[in-house]
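Chemist: Provided below for reference: sequence and predicted model.
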Amino acid sequence: MNALATELPPSGGDTDEPLFSRIADDLRQQGYSIQPLALPPQLAEALATEVQTLNAASFERAGIGRSQSHVKNRFVRNDDICWIDGSSEAGADWLNWMQALQTYLNRRLFLGLFSFESHYAYYRAGHFYKRHYDAFRGQANRILTVVAYLNHGWQPDDGGELVVYRDDDDKEGIKVVPAMGSLVVFLSEEFPHEVLPAQRDRYSIAGWYRLNSSTNGQIDPPS
Ligand code: OGA
Ligand code: MN
(Lines give C-alpha, C1' and ligand atoms only; values in the text may rest on other atoms or scores of the structure.)
(Ligands and ions follow the chains in the order given, each with its own letter.)
Protein backbone atom coordinates (compact mmCIF):
# COMPACT_ATOMS: atom_id res chain seq x y z
CA MET A 1 0.00 0.00 0.00
CA ASN A 2 1.50 3.39 -0.91
CA ALA A 3 1.31 6.58 1.11
CA LEU A 4 -1.56 7.95 -0.93
CA ALA A 5 -3.67 4.83 -0.45
CA THR A 6 -3.37 4.98 3.33
CA GLU A 7 -4.69 8.54 3.25
CA LEU A 8 -7.87 7.65 1.44
CA PRO A 9 -11.01 7.92 3.56
CA PRO A 10 -12.35 4.59 4.89
CA SER A 11 -15.29 4.80 2.52
CA GLY A 12 -14.28 5.73 -1.00
CA GLY A 13 -17.03 7.28 -3.15
CA ASP A 14 -17.19 4.83 -6.02
CA THR A 15 -16.98 1.71 -3.90
CA ASP A 16 -20.21 2.69 -2.13
CA GLU A 17 -22.20 3.02 -5.34
CA PRO A 18 -23.38 -0.62 -5.67
CA LEU A 19 -24.56 -0.68 -2.06
CA PHE A 20 -26.27 2.71 -2.25
CA SER A 21 -27.92 1.62 -5.49
CA ARG A 22 -29.31 -1.56 -3.87
CA ILE A 23 -30.66 0.52 -0.98
CA ALA A 24 -32.34 2.95 -3.39
CA ASP A 25 -33.89 0.09 -5.40
CA ASP A 26 -35.22 -1.56 -2.23
CA LEU A 27 -36.64 1.70 -0.89
CA ARG A 28 -38.45 2.34 -4.14
CA GLN A 29 -39.82 -1.20 -4.38
CA GLN A 30 -40.65 -1.99 -0.76
CA GLY A 31 -39.86 0.98 1.47
CA TYR A 32 -37.13 -0.80 3.41
CA SER A 33 -33.72 -2.32 2.81
CA ILE A 34 -31.72 -4.86 4.83
CA GLN A 35 -28.04 -5.04 3.90
CA PRO A 36 -25.67 -7.46 5.66
CA LEU A 37 -21.97 -6.47 5.76
CA ALA A 38 -22.78 -3.03 4.40
CA LEU A 39 -20.53 -0.78 6.46
CA PRO A 40 -17.00 -0.33 5.19
CA PRO A 41 -15.09 -2.75 7.48
CA GLN A 42 -12.65 -0.12 8.80
CA LEU A 43 -15.49 2.21 9.66
CA ALA A 44 -17.46 -0.54 11.40
CA GLU A 45 -14.39 -1.47 13.47
CA ALA A 46 -13.71 2.13 14.47
CA LEU A 47 -17.33 2.68 15.51
CA ALA A 48 -17.49 -0.61 17.44
CA THR A 49 -14.29 0.24 19.28
CA GLU A 50 -15.55 3.71 20.11
CA VAL A 51 -18.95 2.65 21.42
CA GLN A 52 -17.42 -0.07 23.59
CA THR A 53 -14.86 2.27 25.11
CA LEU A 54 -17.16 5.23 25.75
CA ASN A 55 -17.36 5.69 29.46
CA ALA A 56 -20.63 5.39 31.32
CA ALA A 57 -20.93 9.17 31.71
CA SER A 58 -21.13 9.57 27.92
CA PHE A 59 -24.40 7.65 27.81
CA GLU A 60 -27.83 8.90 28.76
CA ARG A 61 -31.00 6.94 29.31
CA ALA A 62 -33.00 6.96 26.11
CA GLY A 63 -36.36 8.74 26.14
CA ILE A 64 -39.47 8.48 24.00
CA GLY A 65 -40.80 11.53 22.21
CA ARG A 66 -41.65 14.34 24.59
CA SER A 67 -42.66 11.96 27.35
CA GLN A 68 -41.28 13.13 30.67
CA SER A 69 -42.23 9.99 32.53
CA HIS A 70 -39.21 7.93 33.44
CA VAL A 71 -41.42 5.00 34.43
CA LYS A 72 -43.26 5.05 31.12
CA ASN A 73 -39.98 5.30 29.24
CA ARG A 74 -38.51 2.29 30.98
CA PHE A 75 -41.52 0.19 30.04
CA VAL A 76 -41.09 1.02 26.35
CA ARG A 77 -37.30 1.02 26.06
CA ASN A 78 -34.34 0.77 28.39
CA ASP A 79 -31.30 1.29 26.20
CA ASP A 80 -28.68 3.97 26.83
CA ILE A 81 -27.75 6.36 24.05
CA CYS A 82 -24.92 8.69 23.07
CA TRP A 83 -25.44 11.22 20.27
CA ILE A 84 -22.80 11.23 17.54
CA ASP A 85 -21.61 14.80 17.02
CA GLY A 86 -18.65 14.17 14.74
CA SER A 87 -16.04 15.24 17.30
CA SER A 88 -14.32 11.84 17.15
CA GLU A 89 -12.69 10.51 14.00
CA ALA A 90 -14.99 7.48 13.86
CA GLY A 91 -18.06 9.66 14.40
CA ALA A 92 -16.97 12.13 11.72
CA ASP A 93 -16.32 9.28 9.25
CA TRP A 94 -19.77 7.84 9.99
CA LEU A 95 -21.45 11.21 9.42
CA ASN A 96 -19.54 11.65 6.16
CA TRP A 97 -20.69 8.25 4.98
CA MET A 98 -24.28 9.06 5.88
CA GLN A 99 -23.90 12.36 4.02
CA ALA A 100 -22.80 10.42 0.94
CA LEU A 101 -25.86 8.17 1.23
CA GLN A 102 -28.09 11.24 1.68
CA THR A 103 -26.72 12.85 -1.48
CA TYR A 104 -27.12 9.61 -3.40
CA LEU A 105 -30.70 8.98 -2.28
CA ASN A 106 -31.72 12.56 -2.97
CA ARG A 107 -30.41 12.23 -6.53
CA ARG A 108 -32.00 8.86 -7.16
CA LEU A 109 -35.29 9.15 -5.27
CA PHE A 110 -35.83 12.90 -4.83
CA LEU A 111 -36.48 12.40 -1.14
CA GLY A 112 -35.46 15.91 -0.12
CA LEU A 113 -33.45 14.60 2.83
CA PHE A 114 -32.02 17.67 4.54
CA SER A 115 -30.29 16.75 7.75
CA PHE A 116 -29.14 13.69 9.66
CA GLU A 117 -28.96 12.93 13.38
CA SER A 118 -27.79 9.69 14.99
CA HIS A 119 -26.84 8.11 18.27
CA TYR A 120 -25.12 5.03 19.54
CA ALA A 121 -27.47 2.74 21.43
CA TYR A 122 -26.31 0.30 24.08
CA TYR A 123 -28.71 -2.45 25.19
CA ARG A 124 -27.52 -4.48 28.15
CA ALA A 125 -28.64 -8.11 28.46
CA GLY A 126 -32.42 -8.17 28.87
CA HIS A 127 -32.95 -4.67 27.47
CA PHE A 128 -35.43 -4.01 24.66
CA TYR A 129 -37.34 -1.39 22.72
CA LYS A 130 -40.99 -2.26 22.26
CA ARG A 131 -42.86 -1.96 18.99
CA HIS A 132 -42.92 1.68 17.87
CA TYR A 133 -42.77 4.08 14.96
CA ASP A 134 -39.89 6.54 14.61
CA ALA A 135 -42.16 9.21 13.13
CA PHE A 136 -45.82 10.00 12.94
CA ARG A 137 -47.73 10.73 9.79
CA GLY A 138 -48.21 14.41 9.12
CA GLN A 139 -45.46 15.54 11.46
CA ALA A 140 -43.07 15.13 8.55
CA ASN A 141 -39.92 15.32 10.54
CA ARG A 142 -38.13 11.99 10.45
CA ILE A 143 -38.32 10.62 6.91
CA LEU A 144 -35.85 7.80 6.75
CA THR A 145 -34.46 5.62 9.55
CA VAL A 146 -31.01 4.03 9.37
CA VAL A 147 -29.80 1.41 11.84
CA ALA A 148 -26.25 0.02 11.83
CA TYR A 149 -25.01 -2.90 13.93
CA LEU A 150 -21.67 -3.18 15.69
CA ASN A 151 -21.62 -6.67 17.25
CA HIS A 152 -19.01 -9.29 16.48
CA GLY A 153 -19.88 -12.98 16.65
CA TRP A 154 -23.61 -12.63 17.22
CA GLN A 155 -25.10 -16.11 17.77
CA PRO A 156 -28.65 -17.24 16.94
CA ASP A 157 -29.56 -17.61 20.62
CA ASP A 158 -28.17 -14.18 21.56
CA GLY A 159 -31.60 -12.76 20.65
CA GLY A 160 -31.72 -8.98 20.27
CA GLU A 161 -33.15 -9.05 16.76
CA LEU A 162 -34.68 -5.98 15.20
CA VAL A 163 -38.16 -6.93 13.99
CA VAL A 164 -39.48 -4.77 11.16
CA TYR A 165 -43.24 -5.06 10.61
CA ARG A 166 -44.67 -4.35 7.19
CA ASP A 167 -47.73 -2.60 8.65
CA ASP A 168 -49.93 -2.39 11.75
CA ASP A 169 -51.49 -5.81 11.07
CA ASP A 170 -48.22 -7.64 10.57
CA LYS A 171 -47.67 -9.88 13.61
CA GLU A 172 -44.68 -11.78 12.31
CA GLY A 173 -42.38 -9.16 10.84
CA ILE A 174 -38.93 -9.53 9.39
CA LYS A 175 -36.17 -10.37 11.87
CA VAL A 176 -32.78 -8.77 11.47
CA VAL A 177 -29.78 -10.16 13.36
CA PRO A 178 -27.73 -7.26 14.80
CA ALA A 179 -24.52 -8.58 13.25
CA MET A 180 -21.38 -6.51 12.67
CA GLY A 181 -21.68 -4.19 9.68
CA SER A 182 -25.36 -4.82 8.86
CA LEU A 183 -27.39 -1.80 7.82
CA VAL A 184 -31.17 -1.40 7.81
CA VAL A 185 -32.91 1.54 6.15
CA PHE A 186 -36.66 2.17 6.14
CA LEU A 187 -39.27 4.89 5.75
CA SER A 188 -39.79 6.17 9.29
CA GLU A 189 -43.56 6.68 9.03
CA GLU A 190 -44.30 3.36 7.37
CA PHE A 191 -42.73 0.61 9.46
CA PRO A 192 -43.40 -0.22 13.09
CA HIS A 193 -40.45 -2.09 14.56
CA GLU A 194 -39.04 -3.37 17.84
CA VAL A 195 -35.87 -4.61 19.47
CA LEU A 196 -36.24 -8.01 21.13
CA PRO A 197 -34.40 -8.57 24.42
CA ALA A 198 -30.82 -9.73 23.92
CA GLN A 199 -28.81 -12.16 26.04
CA ARG A 200 -25.65 -10.05 25.85
CA ASP A 201 -24.50 -6.47 25.32
CA ARG A 202 -25.85 -5.15 22.03
CA TYR A 203 -24.52 -2.09 20.21
CA SER A 204 -26.15 -0.22 17.35
CA ILE A 205 -26.39 3.19 15.77
CA ALA A 206 -29.85 4.58 15.06
CA GLY A 207 -30.10 7.58 12.76
CA TRP A 208 -32.72 9.64 11.00
CA TYR A 209 -32.80 11.80 7.93
CA ARG A 210 -35.15 14.74 8.25
CA LEU A 211 -36.79 17.14 5.88
CA ASN A 212 -36.08 20.81 6.21
CA SER A 213 -39.15 21.59 8.27
CA SER A 214 -38.21 25.17 9.14
CA THR A 215 -41.31 27.36 9.16
CA ASN A 216 -42.05 30.94 10.22
CA GLY A 217 -38.38 31.56 10.73
CA GLN A 218 -38.36 28.81 13.37
CA ILE A 219 -35.53 26.43 12.77
CA ASP A 220 -36.28 22.77 13.51
CA PRO A 221 -32.76 21.52 14.00
CA PRO A 222 -31.60 17.93 14.16
CA SER A 223 -31.74 16.77 17.80
C1 OGA B 1 -34.55 3.20 17.62
C2 OGA B 1 -34.55 1.80 17.13
C3 OGA B 1 -33.32 -0.21 16.59
C4 OGA B 1 -32.08 -0.97 16.93
O5 OGA B 1 -33.57 3.62 18.27
O6 OGA B 1 -35.54 3.93 17.34
O7 OGA B 1 -35.57 1.36 16.68
O8 OGA B 1 -31.97 -2.09 16.43
N9 OGA B 1 -33.40 1.08 17.18
O10 OGA B 1 -31.22 -0.49 17.68
MN1 MN C 1 -36.99 2.97 16.15
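Modeler: Ah, there it is. Quick caveat: nothing in here was measured; it's all calculated off a predicted structure. Ligands and ions are numbered 1, 2, ... in the order given.
Chemist: who are the packing partners of the longest helix along the chain?
Modeler: Longest helix in the chain by number of residues, with DSSP state H as the criterion: helix 89-109. Under the contact definition 3 or more CB pairs under 8 Å, 6 or more residues apart in numbering; DSSP states H and E, helix 89-109 sits against helix 13-30, helix 41-53, strand 115-123, strand 142-149, strand 202-210. Just so you know, the C-beta spots here come from the backbone N, C-alpha and C atoms, and that holds for glycine as well.
Chemist: Val147 against Phe191, yeah?
Modeler: No. Taking contacts as CB atoms under 8 Å, Val147 lies outside contact range of Phe191: 11.2 Å.
Chemist: neighbours around Glu172, how many?
Modeler: Using other CB atoms under 10 Å, Glu172 has 8 neighbouring residues.
Chemist: which bits of this structure sit near ligand 1?
Modeler: 121, 129, 134, 147, 162, 193, 195, 204, 206 (CB under 6 Å from any ligand atom).
Chemist: what pairs with the fourth one across the strands?
Modeler: Legend: beta-bridge partners of Val147 under DSSP bridges are Val184, Ala206.
Chemist: do the fifth one as well
Modeler: Beta bridges link Leu162 to Val176, Val195 when assigned by DSSP bridges.
Chemist: report pLDDT for it.
Modeler: On the pLDDT scale, Leu162 is placed at 98.
Chemist: burial check on it, number of neighbours?
Modeler: 23.
Chemist: that one reaches Val184, doesn't it?
Modeler: Yes. If you go by CB under 8 Å, Leu162 and Val184 touch, sitting 6.3 Å apart.
Chemist: show me what contacts the closest residue to Gly31 other than its chain neighbours?
Modeler: Spatial nearest neighbour of Gly31, chain neighbours left out: Leu187 (4.7 Å); criterion: CB to CB, 6 or more residues apart in numbering. Residues in contact with Leu187 (CB atoms under 8 Å, 6 or more residues apart in numbering) are 27, 31-32, 143-145.
Chemist: repeat that for Ile205.
Modeler: Here Ile205 is in contact with 47, 51, 84, 94, 118-121, 146-148, 150 (criterion: CB under 8 Å, 6+ apart).
Chemist: pLDDT, neighbour count and distance to Arg108 added to these, as a markdown table?
Modeler: Formatted as a markdown table, these follow (pLDDT from 0 to 100; neighbours: other CB atoms under 10 Å; distance: CB to CB, whole Å):
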| residue | pLDDT | neighbour count | distance to Arg108 |
| --- | --- | --- | --- |
| Leu47 | 98 | 26 | 25 |
| Val51 | 98 | 22 | 30 |
| Ile84 | 98 | 24 | 25 |
| Trp94 | 98 | 27 | 21 |
| Ser118 | 98 | 23 | 21 |
| His119 | 98 | 21 | 26 |
| Tyr120 | 98 | 25 | 28 |
| Ala121 | 98 | 23 | 28 |
| Val146 | 98 | 21 | 16 |
| Val147 | 99 | 23 | 20 |
| Ala148 | 99 | 28 | 20 |
| Leu150 | 98 | 26 | 27 |
